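> After the sequence you'll find the predicted model.
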Amino acid sequence: MTRLAPLALILALTGCAGSGAGPRSTEPDLYVLAGQSNMSGLGRLDSLTSDERVVDPTIRLYANDGIWKPALDPLDDATGQVDAVSADPRAGVGPGLFFARDMRRTGARAIDLVPCAKGGSPIARWAPAPGRDTLYGSCRARIAEAGGRPAGILWYQGEADTRTPELAAAWPGQFASIVAAFRRDLNAPRLPVVVVELSDRDPRPEGATRSPAWASVQAVQRALSIRCVATVSATGLPQNPDRLHVATEGYRILGPRIAAAMRRLRATGCR
């Protein structure tokens, strides 16, 4: 019998080979990774441990090129990107795979991940619109291609809305509209959504100049009151030298926090 190389064997067992991958033994839970660069992730790949570089055959990625693959960072790799609107050429380590692995460790079934984030995107750019040349429309189309009905959405966004108090004040209403649109279009009125509050603002003088409404966005995110929406804190996490993006070490902490919040939502009937 011909012996398969390790990766080929994984692909064969998981049905990840090519875009026509078939279902696994149990239907997987599909999670959407949406927001801006801290969801795409700019953590350093060389900060991953050897164990974190090993494929888990129960976690798949519907990659930006429209092909099912074993999930490894960078999840939001722009190579072969189908929808240019959400391309992030600098994507590195983010929270998505740490989230998925924690869900698996605590008994969740197989997981599929769909990256939809776009670095630098203010929430206004996520306004619900059908075209694939929009962030919402592209994400919605990719969800349909990947299976149609996600088990939950992970949202990490808001840095781009810290430039003025007016943008910060408008954020919760715009976010509520996005959640409502996803739930309507996916026929999932209790779809669970976990929001990551902004991490710590850059303490240097340029941080206050660039993001005078940082604390305001944090406050409106913390005060969200939408059914089946939970928030988790990113304050105190290790950051990259740019003091804007969470470091790999921080995502390692954040992923399980998001997973715990998602489990709590699902346990209360948010599905």
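Okay, I see it. The shown structure was predicted, so the numbers you read here are calculated from the model rather than taken from an experiment.

> any idea how far Ala63 is from Arg109?
Computed as CB to CB, to the nearest Å, the Ala63 to Arg109 distance reads 21 Å. From N, CA and C alone the C-beta is placed, and that goes for glycine too.

> ok, now Ser216?
Shown here: Ser216 relative to Arg109, a distance of 39 Å by CB to CB.

> Looking at the two, which is more packed in?
Set side by side, Ser216 and Arg109 show more neighbours around Ser216, with 20 against 14, by other CB atoms under 10 Å.

> That one: helix or strand, and which one exactly?
helix 214-222 (DSSP states H and E).

> how distant is that helix from the center of its chain?
The chain centroid and the centroid of helix 214-222 are separated by 20 Å, computed with CA atoms, centre = their mean, to the nearest Å.

> Can you give the contact residues for stretch 239-254?
Applying CB atoms under 8 Å, 6 or more residues apart in numbering, the set of residues contacting stretch 239-254 from outside is 37-38, 41-45, 47-48, 92-95, 98, 159, 196, 199-204, 207, 232, 234, 237-238.

> Kindly format the C-alpha coordinates of it as CSV.
Provided in CSV are the C-alpha atoms of stretch 239-254 (Å, rounded to 0.1, in the frame of the first residue of the first chain):
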residue,chain,number,x,y,z
GLN,A,239,1.2,43.9,22.9
ASN,A,240,3.5,44.4,19.9
PRO,A,241,5.9,47.3,20.0
ASP,A,242,3.4,49.4,18.0
ARG,A,243,1.2,49.4,21.2
LEU,A,244,-1.9,48.9,18.9
HIS,A,245,-1.8,45.1,18.2
VAL,A,246,-1.9,42.3,20.7
ALA,A,247,1.2,40.1,20.7
THR,A,248,1.1,36.3,20.2
GLU,A,249,1.5,35.9,23.9
GLY,A,250,-1.6,38.0,24.4
TYR,A,251,-3.7,36.1,21.8
ARG,A,252,-2.7,32.9,23.7
ILE,A,253,-4.6,34.3,26.7
LEU,A,254,-7.4,35.9,24.7
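
> thinking again about what came up before, pLDDT on the helix holding Ser216, on average?
Mean pLDDT, computed over helix 214-222, is 98.

> same for it, what does it pack against?
Using 3 or more CB pairs under 8 Å, 6 or more residues apart in numbering; DSSP states H and E as the contact criterion, the secondary-structure elements in contact with helix 214-222 are helix 165-185.

> quick one: Cys139 from Phe182, how far?
8 Å.

> Which one of those two is surrounded by more residues?
Set side by side, Cys139 and Phe182 show more neighbours around Cys139, with 26 against 22, by other CB under 10 Å.

> Report how many residues lie close to Gly35.
Taking other CB under 10 Å as the criterion, the count of residues near Gly35 is 27.

> ok, now which ones touch Gly96?
For Gly96, the residues meeting the contact criterion (CB under 8 Å, 6+ apart) are Tyr31, Leu33, Met39, Gly41, Ala71, Leu75, Leu113, Pro115, Leu154, Gly255.

> of these, closest to Arg105?
Distance to Arg105, by CB to CB, is smallest for Gly255 among the contacts of Gly96, at 10.8 Å.

> check contacts around Gln221.
Contacts were defined as CB under 8 Å, 6+ apart; by that measure Gln221 touches Gly158, Trp171, Pro172, Val195, Glu197, Leu198, Thr231.

> repeat that with 10 Å
Contact partners of Gln221, counting by CB atoms under 10 Å, 6 or more residues apart in numbering, are 155, 157-158, 168, 171-172, 175, 195-198, 231-233.

> Skip the chain neighbours and tell me the closest residue to it.
By the measure of CB to CB, 6 or more residues apart in numbering, the closest residue to Gln221 outside its immediate chain neighbours is Glu197, 4.5 Å from it.

> got the angle between the helix holding Ser216 and helix 165-185?
Our comparison of helix 214-222 with helix 165-185, counting by axes from the mean of the first three to the mean of the last three CA atoms, to 10 degrees, yields an angle of 30 degrees.

> after helix 214-222, next one along is what?
strand 229-232.

> so how far does stretch 50-59 reach from one end to the other?
End-to-end span of stretch 50-59 (CA to CA, to the nearest Å): 17 Å.
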